[in-house]
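# Predicted coordinates and the sequence they were generated for:
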Amino acid sequence: MTVMVDDNLLATKQGVPVGLGDTPAGVPGEAPAGEPSGPAVPSNPAVPSNPAVPNACGEPSEGGDSCSPGVPGVPAEPDIPAEPDIPAEPDIPGQAEQAEDWGGEFADLGDLDLVALERLEHGLMSLAGHLAAGEARWLTWLGVYDRRAGWETWGCRSAAEWLSNKCGRSLTAGRERVRVARSLQNLPLTKTAFINGELSYSKVRAITRAATADSEPDLLDIARSSTASQLDQICNGVANARPPRW
């Protein structure tokens, strides 16, 4: 009986190295024992991350960004300086109510022919109070300007002359305005009623001719219940009845 022996198996048992391309049994994919392997390939070195840079709060952060206190990683907004407060102009009493009366129907003068007469009457009375309040404010400023002699800086001889040159008033009208402005500084009740639009300039002018600190309340009551013409006659009589000043 003849026995067939594998040459490779016989060579392995006798210590004879196998040929190239042959792999010993039991160790798949590895080189035979005792045979040097190839040089080891180094792996990729670790890439260092960006160094941490302290931010404005002293805490480490990438890029050195600023931060908000108490909120890590949130950039702080720059401080915006507050705008200075601008003092508002003093309100004229009754101005807001008068502005509400003048709606869109009175904005265009061409539409007045279509407005009812009752509405025109109401508008005229409202505007009269508005004009009186504006005149009172103007006279208040004029009284202060005259007291501080601001007209002297323009080379004028009086406040009336300055009004003639700068505000288009005649000298006669300017002198009367200055007289009324000076008198109102000593008649607080009349000045308040004038600013509130309760009295017209014609009535205030008449009161300032005759009123004193004692007679002002009575003349003010008469002014509210009389016309400007009637009040003018009454005040002229009161002024003429005064004892002469020596």
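Perfect, I can see it now.
# in the longest helix that the chain contains, what counts as buried?
Scanning the chain for the longest helix, with DSSP state H as the assignment, gives helix 117-147. Residues of helix 117-147 classed as buried by neighbour count (16 or more other Cβ atoms under 10 Å): 123, 126, 129-130, 132-133, 135-136, 139-140, 142-143, 145-146. Glycine gets a C-beta too; all of them are placed from N, C-alpha and C.
# Let's test this: mean pLDDT of it, rounded?
In this model, helix 117-147 has an average pLDDT of 93.
# circling back to that earlier point, tabulate the buried residues of helix 117-147 (JSON lines), appending distance to A173.
Converted to JSON lines, the buried residues of helix 117-147 look like this (distance: Cβ to Cβ, whole Å):
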{"residue": "G123", "distance to A173": "27"}
{"residue": "S126", "distance to A173": "25"}
{"residue": "G129", "distance to A173": "22"}
{"residue": "H130", "distance to A173": "21"}
{"residue": "A132", "distance to A173": "17"}
{"residue": "A133", "distance to A173": "20"}
{"residue": "E135", "distance to A173": "13"}
{"residue": "A136", "distance to A173": "17"}
{"residue": "L139", "distance to A173": "13"}
{"residue": "T140", "distance to A173": "18"}
{"residue": "L142", "distance to A173": "12"}
{"residue": "G143", "distance to A173": "16"}
{"residue": "Y145", "distance to A173": "16"}
{"residue": "D146", "distance to A173": "15"}
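# and for stretch 136-148, what are the contacting residues?
92, 151, 159, 163, 177-178, 180-182, 184-185, 191, 194-195, 204 (Cβ atoms under 8 Å, 6 or more residues apart in numbering).
# My error: substitute stretch 221-230 in the last question.
193, 198-200, 202-203, 206-207, 231, 234.
# how about low-confidence regions in this structure?
Applying pLDDT under 70 to the chain picks out residues 1-110, 244-246.
# ranges for the strands of it?
53-54, 60-61 (DSSP state E).
# Using CSV, write down the CA coordinates of stretch 126-139.
Listed next in CSV are the C-alpha coordinates belonging to stretch 126-139 (Å, rounded to 0.1, in the frame of the first residue of the first chain):
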residue,chain,number,x,y,z
SER,A,126,-61.9,128.5,20.0
LEU,A,127,-59.3,130.2,17.9
ALA,A,128,-59.9,133.5,19.8
GLY,A,129,-59.0,131.7,23.1
HIS,A,130,-55.9,130.2,21.4
LEU,A,131,-54.8,133.6,20.1
ALA,A,132,-55.3,135.2,23.5
ALA,A,133,-53.2,132.5,25.1
GLY,A,134,-50.5,133.1,22.6
GLU,A,135,-50.6,136.8,23.1
ALA,A,136,-50.3,136.3,26.8
ARG,A,137,-47.2,134.2,26.4
TRP,A,138,-45.7,136.7,24.0
LEU,A,139,-46.3,139.6,26.4
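# before we move on, the earlier item: and the contacts of stretch 221-230, which is closest to G168?
S202 (20.0 Å; Cβ to Cβ).
# For burial, what's the neighbour tally of the closest one?
Using other Cβ atoms under 10 Å, S202 is surrounded by 14 other residues.
# Let me know whether it touches D232 as I believe.
Yes - with contact defined as Cβ atoms under 8 Å, S202 counts as touching D232 (7.4 Å).
# Could you measure from G197 over to T190?
13 Å (Cβ to Cβ, to the nearest Å).
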